[in-house]
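Colleague: Based on what follows, work out the 3D shape:
(one chain, ligands or ions: 2)
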Amino acid sequence: MYVIALTGGIGAGKSEAAKIFASLGIPIVDVDVISRQLTTAGHPVMTKIADAFGRDFVTADGALNRPAMRERIFAVDADRKKLESILHPVIHEKALQELDKHRDAPYQVLAIPLFFETNRYSGVVKRTLLVDCEEAQQISRTMQRSGMTESTVRSIIASQASRSYRRALANDIIDNTGTFEELAEKVKEKHEKYMQACVDSE
Ligand SMILES: CC(C)(COP(=O)(O)OP(=O)(O)OC[C@H]1O[C@@H](n2cnc3c(N)ncnc32)[C@H](O)[C@@H]1O)[C@@H](O)C(=O)NCCC(=O)NCCS
Ligand SMILES: Nc1ncnc2c1ncn2[C@@H]1O[C@H](COP(=O)(O)OP(=O)(O)OP(=O)(O)O)[C@@H](O)[C@H]1O
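Modeller: Ligands and ions are numbered 1, 2, ... in the order given. Below you'll find the predicted structure:
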């Protein structure tokens with residue numbers, strides 16, 4: 001299995017980059033998508049979250065109350081760690097199962113915001129690809145996409161690894177300070193490189 005971890009800070013452009021890899025036929029395993037699936041109504045994980053945080057963090061139909069949880073965990077570090085200790089092991093197990101389904105693909109993309117923060121996936125990942133832009137762009141793009149306030153976005157950025165730390169650790173970097181067209185070109189370049197690399201590694 002040849003797995004590329006696609007990582008980056010909030011709003012840096014991971015989802016947009018992942019869509020372009022998908023359009024090139026590459027399977028995508030996205031841990032944010034898995035996390036959302038695990039926190040829908042009726043999933044056993046929701047019982048653990050309700051026990052740990054109380055009913056205020058669960059919607060009337062039993063799903064995760066995402067805005068309430070977002071406000072809480074990016075204000076209180078201990079609560080973020082508590083939520084992560086419930087969700088991360090289950091997300092990890094599910095992500096490995098998903099990756100296993102696409103063993104025959106030339107390579108796969110694992111979209112994972114907290115790759116450098118968690119360390120859980122290093123065993124399965126061959127290379128890391130950072131999508132990176134200026135912090136001001138992360139903030140404005142996230143605010144536009146989600147309607148979050150600037151201070152919420154800043155608190156999320158503060159909880160994540162710094163830009164310089166990620167840039168120092170990544171094997172490859174895509175600069176997403178430009179247009180969508182430029183991003184698409186850069187993703188295609190990386191795709192060609194990874195196609196060659198996985199052939200060479202056989
Ligand atoms: C806090 C929650 C409810 C907010 O939900 P929401 O729908 O607004 O955001 P979504 O899940 O799409 O995540 C958006 C982005 O927030 C950032 N983010 C999410 N969780 C975390 C975290 N624990 N630490 C730092 N940043 C995070 C990431 O950049 C992520 O891409 C949700 O993100 C969550 O349940 N987080 C805990 C699970 C987790 O750690 N996910 C990251 C997987 S490695
Ligand atoms: N090059 C670009 N030019 C303009 N807007 C962009 C560009 N790249 C991404 N965006 C927009 O910025 C927002 C954030 O991008 P995206 O959702 O891909 O980021 P992300 O890294 O997946 O964020 P998150 O960590 O929140 O999941 C989206 O609305 C997206 O369409």
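
Colleague: How is the chain divided into domains?
Modeller: The chain breaks down by automatic domain parsing into domains covering 3-27+102-201, 34-90.

Colleague: Dump these into a markdown table; add distance to residue 96 and mean neighbour count as well.
Modeller: For every residue, glycine as well, the C-beta is placed using N, CA and C. Shown next, in a markdown table, are the domains of the chain (distance: least, Cβ to Cβ, whole Å; neighbours: other Cβ atoms under 10 Å):
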| stretch | distance to residue 96 | mean neighbour count |
| --- | --- | --- |
| domain 3-27+102-201 | 7 | 17 |
| domain 34-90 | 11 | 15 |
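
Colleague: Around ligand 2, pick out the residues from this protein.
Modeller: 8, 10-16, 32, 113, 141-142, 145, 176, 178-180, 183 (Cβ under 6 Å from any ligand atom).

Colleague: Narrow those to those in strands?
Modeller: Within the residues of the chain next to ligand 2, no residue falls in strands by DSSP state E.

Colleague: Make TSV from the domains of the chain and add mean pLDDT to it.
Modeller: Below are those laid out as TSV (pLDDT from 0 to 100):
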stretch	mean pLDDT
domain 3-27+102-201	96
domain 34-90	96
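
Colleague: and the residues of the chain next to ligand 2, which of them are in helices?
Modeller: 14, 15, 16, 32, 141, 142, 145, 180, 183 (DSSP state H).

Colleague: What is the distance between stretch 105-124 and the centre of its chain?
Modeller: 9 Å (Cα atoms, centre = their mean, to the nearest Å).

Colleague: Ends of it, what's the gap?
Modeller: Start and end residues of stretch 105-124 are separated by 15 Å (Cα to Cα, to the nearest Å).

Colleague: and if you look at stretch 3-15?
Modeller: OK, stretch 3-15 end separation, Cα to Cα: 17 Å.

Colleague: and what of stretch 146-164?
Modeller: Across stretch 146-164, first to last residue, Cα to Cα, it's 25 Å.

Colleague: ok now that stretch, how far from the chain's centre?
Modeller: That offset, for stretch 146-164, works out to 14 Å (Cα atoms, centre = their mean).
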